[in-house]
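Engineer: Give me coordinates for this.
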Amino acid sequence: MSTKNRLGRRLIQLYVGLALYGVSSALLVEAGLGLEPWGVLHQGLARLTGLTIGVVSIVVGAAVLLLWIPLRQRPGLGTVSNVFVVGLAMDGTLALVPAVHSLAVRIPLLLAGILLNGVATGLYISARFGPGPRDGLMTGLHRRTGRSIRLMRTAIEVAVVATGFTLGGTVGIGTVLYAVSIGPLAQLFLRVFDVPSASGSSTVVAEGQPRRAILRR
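Structural biologist: Numbering: from 1, shown residues only. So this is what the prediction gives:
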């Protein structure tokens, strides 16, 4: 694959992945059975402020990105795009999808949201345009403190879920199901959507350690 074609594919994967991530988060909101950790915080803040959950996601993403400065993290195109595209896609999806009340519909919606989130994660991380603001916060704290990625991620997500729940965010079976399934799903789709490097080697293998660190629970 030529360099130009590789870049084009990577850009497509980045923006399709980020958009689908926003769609998947919106499906979890519609299901009402529990959100992913940061989604719990976003929903809680949305209820507190009256802003849409997508706008809150953008504001929180920008605030987290500011925390990169003392951690000496360098954002990429994917990092900045993540802040805006996910929130916009979320609000757009929520505006289009009608409210559902039947459990027979909400459960498949939850499962579809989690699966789509795994697909989206595999797409945008494989594009290699930089981690999202929240993942960068985790890896930045890991580098500055010397603590394990697992510990940093757990500490951040516990704090995020607890804060979001206190503010009225939804925690439920979906939150637990997301936590145990997103790692394996994302790792699977990282391999599916891997873009070969210029040398023809697999980026999942060549750059696997940082990615596994992001997906580690």
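Engineer: for this protein, what helix or strand is lowest in average pLDDT?
Structural biologist: Lowest on mean pLDDT, DSSP states H and E among the helices and strands of the chain sits helix 203-206, with a mean of 41.
Engineer: Is H42 within a helix or a strand, and which one?
Structural biologist: helix 37-49 (DSSP states H and E).
Engineer: And the lengthiest helix in the chain, what does it pack against?
Structural biologist: In the chain, assigned by DSSP state H, the helix with the most residues is helix 3-31. Packing contacts for helix 3-31, counted by 3 or more C-beta pairs under 8 Å, 6 or more residues apart in numbering; DSSP states H and E, involve helix 37-49, helix 53-66, helix 77-96, helix 103-126, helix 173-192. Placement of C-beta: from N, CA and C, glycine included.
Engineer: Of the ones you listed, which is nearest I12?
Structural biologist: In terms of C-beta to C-beta, the element of the helices and strands packed on helix 3-31 nearest to I12 is helix 103-126, at 8.9 Å.
Engineer: Surely Q13 touches T121?
Structural biologist: No: here Q13 does not reach T121: they are 11.3 Å apart, not a contact under C-beta atoms under 8 Å.
Engineer: And the two? Which one has more around it.
Structural biologist: A direct count of neighbours by other C-beta atoms under 10 Å for Q13 and T121 places T121 higher, at 27 against 23.
Engineer: Leaving out sequence neighbours, find the closest residue to that one.
Structural biologist: Spatial nearest neighbour of T121, excluding adjacent residues (C-beta to C-beta, 6 or more residues apart in numbering): A186 at 4.1 Å.
Engineer: separation between R128 and Q13?
Structural biologist: 9 Å (C-beta to C-beta, to the nearest Å).
Engineer: Common neighbours of these two, please.
Structural biologist: Shared contacts of R128 and Q13 (C-beta atoms under 8 Å, 6 or more residues apart in numbering): V195.
Engineer: N5: neighbour count?
Structural biologist: With other C-beta under 10 Å as criterion, N5 counts 10.
Engineer: what does L151 give?
Structural biologist: 13.
Engineer: helix or strand for it, which one?
Structural biologist: Using DSSP H and E, the element containing L151 is helix 149-166.
Engineer: Residue ranges in this structure under the pLDDT threshold?
Structural biologist: Low-confidence segments of the chain (pLDDT under 70): 1-2, 197-217.
Engineer: if we can go back for a sec, quick check: the residue nearest to T121 touching L123?
Structural biologist: No: applying C-beta under 8 Å as the test, A186 and L123 come out as separate, 9.9 Å apart.
Engineer: Which of these two has more residues huddled nearby?
Structural biologist: L123 (24 against 21).
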